[in-house]
Every structure is written in structure tokens, then in C-alpha cells.
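Need a 3D model of the sequence below.
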Amino acid sequence: MSDQNNKTDNDSQENTQQDERVIIPTTRLTADDKEETQEIPSILPVLPVRDVVIFNYMVLPLFITRERSVSAVEKALASSRHMLVCAQKDENVEDPGPDDLYTVGTVVNVMRVLKLPDSRVKLLIQGICRARVLKYLDSEKSLDARIRPIPEVETETNADIEAQLRTARAQSEKVLALRGIISPDISAVLASVEDPGRLADLIAANIRMKTAEAQQLLETEDAAERLRLVNEKLAHEVDIATVQAKIQNVAREGMDKAQKDYYLREQIKAIRQELGEKEFNPDDEIADLKKRIAKAGLPTEVRKEAEKQLQRLAGLHGDTAEANVINTYLDWILMLPWKKTSKDAMDIAGARKVLDEDHCGLEKVKERILEFLSVRKLNPNSKGPILCLVGPPGVGKTSLGRSIARAMKRKFQRLSLGGMRDEAEIRGHRRTYIGAMPGRIIQALKQAGTRNPVIVLDEVDKIGTDFRGDPSSALLEVLDPEQNATFSDHYLNVPFNLSKVLFLCTANQMDPVPAALKDRMEVIKLSGYTAQEKLEIAKQHLLPKQIHENGLALSDVSVEDAAIDRVISEYTREAGVRNLERELASLCRKLARKKAEGESGPFSVSADNVQELLGVPRYIEDEKEKSLMPGTAQGLAWTAAGGVVLTVEACLMKGKGVLTTTGQLGDVMKESAQAAVSYIRSRADTYGIDPDFMTNSDVHIHFPEGATPKDGPSAGVTMTTALLSAITKCRVRADVCMTGEITLQGRVLPVGGIKEKILAGVARGLTHVLIPKENTKDLEDIPADLLQKITVHKIHSYEDVIPLAFEDPKALHAHPWLVALCGSAPCPKRQG
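A predicted model of the protein is given here:
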């Protein structure tokens with residue numbers, strides 16, 4: 001080399017001396033692929049840089065503007081063209097000194113220099129090796145440093161190093177692929193580098209890092225450790241690049257969809273123009289909604305909310321999801337009858353006529369409706385009642401609601417609540433949910449078109465409960481006259497006045513209804529129909545309806561009353577009339593077939609040819625038996641379908657005093673059986689029975705229809721009578737039925753369902769019924785013509801049952817106590 005290249009300007013040094021030379025290998029290769037060595041001075045001019053760390057083998061362009069840096073470049077060009085590039089600790093420092101620079105930097109070779117017109121200098125440099133600063137030598141023109149090169153230590157390749165190398169290459173390619181800049185040339189370069197230190201420097205020079213992180217890599221002398229740090233950084237970069245790729249994909253998809261929608265809208269616009277149709281203008285829709293809000297007569301609070309939502313809609317594009325939600329919400333607001341009402345019919349006599357035309361019997365319900373109309377006539381601002389009709393299926397609870405609406409000339413709506421488990425079915429869904437809708441109450445009001453319809457809430461006793469809420473609790477606000485004036489549906493989120501609505505609930509039984517909900521309703525019980533009422537219903541409603549539905553004319557069919565009575569007694573066994581309607585429909589179908597086959601009418605149906613048309617009778621009359629076997633008694637029970645007659649059987653057998661009950665009895669009935677046994681044992685001396693009859697005997701009490709669960713205390717008297725008959729071998733009268741709860745002292749306590757039970761006794765053909773004396777008040781609900789068919793005996797204690805239930809006392813000579821009891825009370829005449 002020339003003497004000029006062997007000297008360095010050391011103006012900042014106190015003594016000028018010959019520079020110490022160090023020989024190190026560089027990355028530059030000769031034409032025959034041999035490494036080229038260069039001499040690097042021990043004192044080099046320093047070039048401070050911001051936000052960048054130069055690594056070995058890295059080629060980088062730089063722009064120089066600071067005077068001291070330009071002087072350092074000129075000094076390098078005047079000597080060996082080598083410089084030390086050090087990164088600044090703080091990039092905001094304009095004139096960095098020794099304390100502002102890191103002590104480890106990179107020796108670079110100045111490859112090209114270009115002076116620009118604006119006094120800037122553009123450099124192209126290449127990193128040669130790392131170097132540590134031993135001492136900074138400051139001068140006015142430039143900053144120099146005495147350095148010690150950091151040699152690269154050769155690292156033996158092992159399994160760990162090889163794994164690190166492969167991981168670095170794979171992660172580098174993955175980062176480049178996620179950023180869309182992968183190419184075969186880059187992969188080839190990465191694969192060609194086998195030295196871990198050089199690969200680490202190559203990757204570090206091309207990934208984004210903070211200055212402090214890059215400086216940490218530069219200062220790491222161990223090549224394996226440096227490669228490990230690079231792999232950690234690459235893993236972080238892979239995570240960031242993955243998230244960035246997802247964000248870009250989502251944004252690209254959104255842009256593609258927006259462009260597609262715009263293109264389609266433009267096509268629709270062009271098609272409409274070709275067809276001569278008027279172009280859709282969102283401003284026209286906003287103006288139309290504004291006019292509808294002004295004309296709807298909304299309450300103040302509702303109007304404010306509607307105008308607020310309209311203002312939001314005006315600022316949205318018509319195709320956005322939020323605009324559709326707001327548009328649907330405003331449609332619901334405007335379609336509800338906020339002020340529209342139907343005028344009630346105040347003709348009390350006319351309302352009575354309508355109710356009588358549609359239903360036979362049901363006097364209590366009719367009286368209550370007429371009372372409501374009378375109060376409304378005198379006080380138009382009175383609140384609507386909450387009526388609950390409770391009765392067995394088929395007695396006309398739902399159809400009665402329709403008749404009430406017709407009598408009052410109101411709109412009618414029916415909501416079936418059976419199986420409902422979601423509270424939102426009543427209160428509605430919040431608008432934040434997809435597919436949200438108002439609750440069933442608001443929907444019924446919209447369909448009715450008035451704010452004072454008759455709404456029937458069917459099957460309130462069959463509402464369920466799960467994780468979505470309790471609909472019966474939501475009904476508390478709907479059915480409370482003090483709260484429903486400000487009912488708030490979750491979807492509307494504004495109050496709606498339900499106080500003008502006449503709510504009518506129906507249920508088969510009140511036990512499943514929560515107490516709080518039951519407290520808000522006025523319960524009216526509907527018992528089953530008598531045979532005479534069923535006959536009238538069939539003649540006036542069911543038979544004409546089925547004749548018409550089966551394509552016949554009234555003149556084609558003639559059905560005698562006796563025929564209908566036989567259908568009622570032998571083909572149906574129910575409290576309502578649903579099965580009766582099915583049997584009449586079957587009868588009409590048989591007649592319709594005859595007419596279709598060419599037979600000429602009219603067709604007459606009498607009691608004699610009912611079996612020919614309907615087949616074998618389904619129910620055999622048990623009351624035709626002359627007498628009952630000892631240990632047998634007939635009791636009355638209440639079910640959801642009406643009253644039934646049960647034949648209770650009791651027997652004694654050798655054993656150890658075990659009481660057995662069968663027939664799927666509940667706990668209450670089992671306790672009643674135990675009470676019956678205890679009562680008889682406590683009265684053994686009075687009745688002439690061996691007090692120890694249970695010592696060597698077992699007692700078995702059985703109820704028929706064992707597949708049907710049974711429970712309740714009303715069978716206590718019947719079980720006592722059957723057991724007493726089994727012990728004494730005295731027969732119970734076959735024309736007597738009974739009901740009542742027995743106590744240990746022999747008192748007979750009142751029970752429920754008296755009307756249904758008496759109806760069942762009459763349907764069976766029994767002529768005497770024993771009921772608790774305290775149930776006398778319930779006889780007022782029983783029609784007089786029904787009481788003429790059966791004699792009602794009121795009993796206070798079990799001693800009153802003895803002369804009424806058992807056969808002729810003269811046949812009981814073995815038990816003088818029975819003769820004494822029957823001698824003081826008239827025994828009913830035995831039928832047959």
C-alpha cells in the first residue's frame with residue numbers, strides 16, 4: 001500500500017506517531033474465490049449514526065449532513081477508507097460526544113462517495129468487522145477512536161447449532177412469505193450460509209429491531225448465542241407478521257365486498273333506468289318516515305325516541321346492518337296502535353244474548369263478564385280485569401274468550417304459553433341481538449290493530465323455566481293492573497300502556513301456577529258439563545258444525561236426542577265435549593260416505609243404529625251390578641279431565657299386621673289409608689271387631705287403573721268403608737258413592753271438586769252420594785236438574801256413613817251396633 005494510506009490525521013492527539021496496523025480477514029473475495037485480507041489502522045475516524053446498527057457484511061447507503069461527520073469521511077478517504085460506525089444512545093443529540101455513543105461499533109469500508117448540491121454527502125459503506133472502542137480521541141474537526149477489533153471465533157457445528165441454523169432459515173422464510181416478498185434467490189442465499197455468526201448477522205441486518213436490541217446483538221461475541229437471540233427475535237416477528245396478514249386479509253375482504261356492492265348497486269341503478277322505474281332515493285325514505293312519525297300520534301317519550309333513531313338513520317348508508325335494524329325498529333314503532341281503540345259494546349242485554357248463543361251453562365263466567373261491562377259502562381276509565389278460567393280440557397275456556405270479544409265487539413288475539421321457556425317471548429329481545437323481535441304481547445297488539453283487544457293467554461299452568469329466564473315472572477308485570485300501564489318491551493325500550501287490554505288466562509289446574517302470578521288473577525273455576533248441557537251443546541253447536549264440515553246439509557241428517565245421549569254415555573267419558581265432537585264427526589263421515597255412494601237422504605240416526613255407525617261402545621256401565629262384593633266401595637276422585645268413580649277394594653289375609661297399598665298411590669293417599677286403619681282399630685270395641693285383628697292379619701287396599709298416579713286425601717272415607725266391609729263381611733250399597741277426608745277421630749273433612757265428582761256419579765248412574773257437610777256450599781254451583789238425578793247426603797263424621805253406605809241393617813245381626821245406628825237414621829232405599 002502507498003505511504004498515504006499508512007498515515008492517519010491525528011490532529012486531536014498530543015503526539016503524532018506511526019499508526020499500529022492489524023491484519024484481519026474481510027468478506028471480499030478475489031477472482032479465484034480466496035479471502036482477501038486488509039490492513040486496518042488502530043485509530044479510525046468515528047461516524048455517529050442514528051437509528052441504525054451496522055453488522056458485518058452489511059452494505060448500506062448513508063446521507064451525511066453534520067460537519068464533523070463530513071470531516072471524518074474526508075479523513076477516511078485520505079487514508080485507508082476505513083471508518084468506525086457507532087450508534088448513538090440518544091437519537092435526538094445533534095453533536096454527539098464520546099459519552100453519547102456505544103463502545104462497540106463496526107469497522108466499515110467506504111465504497112463510494114457522492115457530494116450532493118445541498119452540501120450533503122452520500123456514502124455507500126460495507127461492514128467489515130466488529131470493534132471495541134478503547135479510547136475516544138476528540139478534536140475540533142472530527143471524532144477519532146482507538147479500537148480493538150473483535151475477531152470471529154470459529155464455532156464447531158453440532159446438532160444444536162444445526163437446529164438453530166435450520167430454525168433461523170425457516171422462520172426467515174416464513175416472515176418473508178407473510179410479507180409477500182419471498183423469492184428463490186433469498187432462499188438460496190440463506191441456504192448457502194453455514195456459519196452461525198454470519199447467518200445471524202445477515203438476518204439481523206434485514207429485520208426490524210430497536211437500536212438497543214440491535215446493539216445487544218452486535219455486542220454478543222459468541223456466534224451460537226447471537227444466533228439464539230436472532231431466533232427469538234424471528235419468532236416474535238412471525239407472530240407480528242401473522243397478525244398483520246390477518247388484518248390485511250380482513251381489510252382486503254371488506255374492501256372487495258364494498259367494491260362488489262357498489263358495482264351491483266350501479267348495475268341495479270342502470271337496470272332501473274332502462275326499465276323507466278323511479279330511482280330509489282334514501283332521502284325520500286327519511287322524509288316519508290318523518291311524516292309517518294308526525295301523523296302517528298305517538299306519546300311524547302316515544303316520539304322523542306323515534307326522532308332520535310330517525311336522526312341516526314339519516315347519517316347512515318342505507319345498506320349497512322345498523323340502518324336495517326333502525327329501519328325495522330321504526331316500522332314497529334309506527335305500526336303499533338298507540339291511540340287506536342275499538343268502541344266497547346255497552347248493550348248488556350245484547351252481550352248476554354251473544355254469550356248464551358255461544359255457550360251453554362258457565363253462568364259464573366257470564367255473570368262476571370256482564371259485571372265488567374256494567375262497570376265499564378258506568379266508568380269508562382276503569383282498568384281491565386285479569387280473569388283466569390280454570391277447568392278440565394274441552395269445557396270451552398279458549399272459545400269463551402272469543403265469545404267475550406264478540407260480545408264486547410273487541411279484537412281477539414290468542415297466545416299459547418304451553419312449553420314456553422324463554423323470558424324474551426314475553427318481554428322481547430334487546431336490539432343488540434341478531435334477529436331481535438318484540439315479545440308476543442306487543443306482536444299481538446300489532447296484529448289486533450287496537451290497544452284494547454281481548455288477549456287469551458292459553459295454558460298458563462304449563463309454562464316452563466330454564467337458563468333463559470322464567471316467563472311466568474315476566475307475566476307479573478303484564479298481568480298487574482298497577483304496573484302494566486307502563487309495560488316496557490326490551491325491543492321497543494319505551495313504555496306501552498296495557499291497562500286497556502282485557503287479559504283472559506286459561507289453565508287446567510292452578511297448582512303449577514306460581515303464587516305471585518296467581519295473586520294477580522281472578523280465578524273462575526269451570527266444572528265439567530252435565531249430560532243435559534252436553535246434549536244442548538251437541539244439538540246447537542257441534543252437530544251443525546260437523547254436518548257442514550263433512551259436506552252435508554242440515555236437511556240430510558236427522559239425529560234423535562236419544563242417539564246423542566247414547567253417544568255421550570257409551571262412547572265418551574269426559575268433563576268437556578272434545579271427544580263428543582270427534583264421535584259426532586265420525587258419525588257424520590259415515591253418513592257422508594252413504595251419500596257419496598248414491599244413497600238418498602235424509603239419513604236418520606236413532607239410539608238403535610248408533611252402534612252400527614260407531615262400533616262397539618267404549619264404556620260399559622258398571623252400575624248395572626246388583627251388589628258389590630264385601631271389601632268393595634265406590635269413591636269419587638277429581639282429575640284434570642273431570643271427575644271419575646273409583647272402585648276401592650280391601651281384603652284381609654293371614655300375616656303379621658302389614659298394611660299394603662297398590663295402584664300408584666301418592667304419599668297423601670298412603671297416609672289416608674293408615675289413618676283409616678288406625679280409626680277402625682280405635683273403634684274396634686264400638687263396632688264389635690276384635691281389637692287385635694291386625695296382629696295375625698295383613699291388610700291390602702287396592703285402587704283400580706294402577707298405571708294412573710293418584711294422590712289426595714279425599715279417598716279417606718271410601719278406604720275406611722271398604723276396609724270395614726272387608727273385616728265385617730258386610731256389603732256396601734252398589735248405588736252409593738262417597739268422598740271425604742277421614743281423621744283419627746272419625747271426622748269427615750271437606751274436599752275439592754264436588755261438582756265434577758257428582759257429575760261423575762250421575763254419569764255412572766249412581767243415585768246416592770255422600771259428601772262432607774262443610775261442602776254444602778258447593779252444591780250451589782250444581783244445576784237443579786242434576787241434583788234431581790242423585791240424592792246428596794251430608795256427613796259430619798264417619799258414624800253418619802254407616803247407615804247410608806251399607807246394605808239392609810237387618811242382615812247385619814252379627815253386629816248390633818249397625819242396627820242401632822240405622823235405627824236412628826233412615827237408610828236409603830236400595831236400588832234393584
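
Longest helix in the protein, please.
Longest helix in the chain by number of residues, with DSSP state H as the criterion: helix 223-275.

Tell me which helix or strand comes right after that helix.
Sequence-wise, the next helix or strand beyond helix 223-275 is helix 282-295, with elements assigned using DSSP states H and E.

and G631, what is it in contact with?
Taking C-beta atoms under 8 Å, 6 or more residues apart in numbering, we find G631 in contact with E649, A650, C651, A722, L723, S725, A726. (C-beta placed from N, C-alpha, C; glycine too.)

Among the residues you listed, which lie within helices?
A722, L723, S725, A726.

and these, which are buried?
Listed as buried from the ones in helices among the contacts of G631 are A722, L723, S725, A726; burial here means 16 or more other C-beta atoms under 10 Å.

Now those in TSV, please, with extra columns for distance to T220 and pLDDT.
Below are those laid out as TSV (distance: C-beta to C-beta, whole Å; pLDDT from 0 to 100):
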residue	distance to T220	pLDDT
A722	102	92
L723	101	91
S725	107	89
A726	104	89
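
Closest to T341 out of those residues?
A722 (60.5 Å; C-beta to C-beta).

tell me what the longest helix of the chain is packed against?
Other elements packing on helix 223-275 under the criterion 3 or more C-beta pairs under 8 Å, 6 or more residues apart in numbering; DSSP states H and E are helix 159-178, helix 196-204, helix 211-219.

Can you lay out those as TSV showing mean pLDDT and distance to V567?
Shown next, in TSV, are the helices and strands packed on helix 223-275 (pLDDT from 0 to 100; distance: least, C-beta to C-beta, whole Å):
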stretch	mean pLDDT	distance to V567
helix 159-178	82	83
helix 196-204	83	96
helix 211-219	86	96
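
Take the ones you listed and write them to JSON lines, including distance to E549 and mean neighbour count.
Listed next are the helices and strands packed on helix 223-275 as JSON lines, based on distance: least, C-beta to C-beta, whole Å; neighbours: other C-beta atoms under 10 Å:
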{"stretch": "helix 159-178", "distance to E549": "72", "mean neighbour count": "17"}
{"stretch": "helix 196-204", "distance to E549": "87", "mean neighbour count": "23"}
{"stretch": "helix 211-219", "distance to E549": "88", "mean neighbour count": "18"}
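
Quick one: closest of those helices to S558.
Between S558 and the helices and strands packed on helix 223-275, the shortest separation by C-beta to C-beta is 90.1 Å, and it involves helix 159-178.

C-alpha coordinates for that closest one, CSV please?
C-alpha atoms of helix 159-178 as CSV (Å, rounded to 0.1, in the frame of the first residue of the first chain):
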residue,chain,number,x,y,z
ALA,A,159,-26.8,-30.9,16.5
ASP,A,160,-27.8,-27.8,18.5
ILE,A,161,-26.1,-25.4,16.1
GLU,A,162,-27.6,-27.2,13.1
ALA,A,163,-31.1,-27.0,14.6
GLN,A,164,-30.6,-23.2,15.3
LEU,A,165,-29.5,-22.7,11.7
ARG,A,166,-32.5,-24.5,10.2
THR,A,167,-34.9,-22.7,12.6
ALA,A,168,-33.4,-19.4,11.6
ARG,A,169,-33.8,-20.1,7.9
ALA,A,170,-37.3,-21.4,8.2
GLN,A,171,-38.5,-18.5,10.3
SER,A,172,-36.9,-16.0,8.0
GLU,A,173,-38.7,-17.5,5.0
LYS,A,174,-41.9,-17.6,6.9
VAL,A,175,-41.6,-13.9,7.8
LEU,A,176,-40.8,-13.0,4.2
ALA,A,177,-43.7,-15.2,2.9
LEU,A,178,-46.2,-13.5,5.3
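
could I get the helix or strand just after it in PDB with only the CA atoms?
Where DSSP H and E defines the elements, the next helix or strand beyond helix 159-178 is helix 184-192. Provided in PDB are the C-alpha atoms of helix 184-192 (Å, rounded to 0.1, in the frame of the first residue of the first chain):
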ATOM      1  CA  PRO A 184     -35.900 -18.300  -4.700                       C
ATOM      2  CA  ASP A 185     -32.800 -16.100  -4.600                       C
ATOM      3  CA  ILE A 186     -33.300 -15.200  -1.000                       C
ATOM      4  CA  SER A 187     -33.900 -18.800  -0.100                       C
ATOM      5  CA  ALA A 188     -30.700 -19.700  -1.900                       C
ATOM      6  CA  VAL A 189     -28.700 -17.100  -0.100                       C
ATOM      7  CA  LEU A 190     -30.000 -18.200   3.300                       C
ATOM      8  CA  ALA A 191     -29.200 -21.900   2.500                       C
ATOM      9  CA  SER A 192     -25.700 -21.100   1.300                       C
END
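
Need the residues that contact helix 184-192.
Residues contacting helix 184-192 (C-beta under 8 Å, 6+ apart): R169, S172, E173, L176, L199, L202.

Name the residues of that helix that are buried.
Judged by neighbour count (16+ other C-beta under 10 Å), helix 184-192 contains these buried residues: L190.

And stretch 487-501, by the same measure?
Buried residues in stretch 487-501, counting neighbours by 16+ other C-beta under 10 Å, are found at F487, D489, H490, Y491, L492, V494, F496, L498, S499, K500, V501.

Stretch 455-467 too?
Across stretch 455-467, burial judged by 16+ other C-beta under 10 Å covers I455, V456, L457, D458, E459, V460, D461, I463.

quick one, what contacts I790?
I790 is in contact with I758, G761, V762, L766, T767, H768, V769, counting by C-beta under 8 Å, 6+ apart.

dump the residue contacts of the third one.
So that's V762. V762 touches T530, A531, L786, K789, I790, counting by C-beta under 8 Å, 6+ apart.

Need the helices and strands packed on helix 223-275 in CSV (columns: distance to G127).
As requested, the helices and strands packed on helix 223-275 are exported to CSV (distance: least, C-beta to C-beta, whole Å):
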stretch, distance to G127
helix 159-178, 19
helix 196-204, 8
helix 211-219, 10
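
helices or strands next to the host helix or strand of V668 in the packing?
V668 is part of helix 667-682, with elements assigned from DSSP H and E. For helix 667-682, the elements it packs on are strand 659-662, helix 716-728, strand 741-742, judged by 3+ C-beta pairs under 8 Å, 6+ apart.

now the ones you listed in TSV, with distance to D344?
Formatted as TSV, the helices and strands packed on helix 667-682 follow (distance: least, C-beta to C-beta, whole Å):
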stretch	distance to D344
strand 659-662	55
helix 716-728	49
strand 741-742	46
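
closest one to K257 among those?
Relative to K257, the nearest member of those by C-beta to C-beta is strand 659-662, separated by 71.5 Å.

rewinding a little: any chance of the ones in helices among the contacts of G631 in a markdown table, with distance to S416 too?
A markdown table is the format used below for these (distance: C-beta to C-beta, whole Å):
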| residue | distance to S416 |
| --- | --- |
| A722 | 43 |
| L723 | 46 |
| S725 | 48 |
| A726 | 48 |
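
Relative to F603, which of those residues is nearest.
A722 (47.9 Å).

Show me which positions of the host helix or strand of I333 end up buried.
Assigned by DSSP H and E, I333 belongs to helix 321-335. By 16+ other C-beta under 10 Å, the buried positions in helix 321-335 come out as A323, V325, I326, N327, Y329, L330, W332, I333.
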